[in-house]
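K.L.:
Quick one, what's the 3D model for this:
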Amino acid sequence: MSDADRRDDALALGELSIARAWNVKGDAADRAFLSQASRLLDIALPSTAMTTTRNDDALAMWLGPASWLVLSDASADTRDFDAARKALNDAGGALFDVSASHVAWMIGGAVASRVLNRLCPLDLHPSAFPPGAAKQSLLGHIHALYYRPHDAPAFVVIVARSFSGDAARELREAAQSEGYRTVETRAIIAATSQR
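P.N.:
Next up is the predicted model:
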């Protein structure tokens with residue numbers, strides 16, 4: 001195996017597709033709201049700062065004391081969204097469809113955290129950023145959401161679609177000196193599963 005082959009195995013970069021992204025707003029201390037949200041979204045919202053919850057179909061990320069992002073590989077019918085929005089409004093919350101507003105990449109491999117730290121000031125060591133953590137920071141000059149899906153050295157980086165070109169360029173440039181292989185586009189929940 002050549003040095004270039006070893007370097008390519010140490011880092012992989014690929015785009016992730018997001019079929020559905022819903023921003024949920026509400027009072028985390030309101031048990032009725034949380035119960036209604038869990039029932040409607042089919043996933044419990046994380047109650048601890050900078051954590052996530054997930055099941056086979058969805059990922060819920062804590063964004064702030066009253067805000068979550070729920071991602072799924074399955075798109076929703078407009079009627080499903082409208083019914084969920086109305087029910088969450090009735091429970092004192094709010095629901096926004098932001099599916100077209102985000103893009104994501106997965107960067108994985110032995111040097112993934114080193115590459116990301118060229119663009120991001122977060123401590124990405126597993127003791128500071130354990131599996132299931134989600135934190136907001138910068139990717140170069142761009143606001144980004146970082147998620148560590150499992151024990152393997154891999155991270156998901158989510159940015160606003162309007163910055164997708166800048167973010168892709170920044171990631172490729174940061175990874176260039178390490179050498180990397182490009183992975184085909186995959187769906188976000190399937191790609192971050194431990195299976």
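K.L.:
residue ranges of the strands in this structure, please?
P.N.:
12-17, 20-25, 52-54, 58-64, 67-72, 94-97, 102-108, 134-139, 142-147, 154-160, 181-187 (DSSP state E).
K.L.:
And the contacts of the third one?
P.N.:
Around strand 52-54, the neighbours that count as contacts under CB atoms under 8 Å, 6 or more residues apart in numbering are 43-46, 59-62, 132-134, 147, 189, 192. Backbone N, C-alpha and C define where each C-beta goes, glycine included.
K.L.:
Please work out the average pLDDT along it.
P.N.:
Confidence for strand 52-54, expressed as mean pLDDT, is 97.
K.L.:
partner strands of it, parallel or antiparallel?
P.N.:
strand 58-64 (antiparallel) (DSSP bridges).
K.L.:
what residues does the partner strand touch?
P.N.:
In this structure, residues lying in contact with strand 58-64 by CB under 8 Å, 6+ apart are 23-24, 41-54, 68-72, 134, 136, 145, 147, 188-189, 192.
K.L.:
Kindly recompute the last result at 7 Å.
P.N.:
Applying CB atoms under 7 Å, 6 or more residues apart in numbering, the contact partners of strand 58-64 are 42-43, 45-46, 48-53, 68-72, 134, 145, 147, 189.
K.L.:
beta partners of the closest residue to Glu184 other than its chain neighbours?
P.N.:
Computed as CB to CB, 6 or more residues apart in numbering, the closest residue to Glu184 that is not its neighbour in sequence is Gly14, at 6.5 Å. Assessed by DSSP bridges, Gly14 has beta-bridge partners Met106, Val183.
K.L.:
Assess the claim that Gly14 and Ala104 are in contact.
P.N.:
No: when contacts are counted by CB atoms under 7 Å, Gly14 is not listed as touching Ala104 (9.7 Å).
K.L.:
When the two are compared, which one has more neighbours?
P.N.:
Ala104 (23 against 17; other CB atoms under 10 Å).
K.L.:
So that one sits against Ile158, correct?
P.N.:
Yes: between Ala104 and Ile158 there is a contact under CB under 7 Å: 4.5 Å.
K.L.:
related to what we said a few turns ago, got a quick PyMOL command for the buried subset of the contacts of strand 58-64?
P.N.:
This is the PyMOL syntax for the buried subset of the contacts of strand 58-64, where burial follows 16 or more other CB atoms under 10 Å:
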select buried, resi 43+45+46+50+52+53+68+69+70+71+72+134+145+147+189
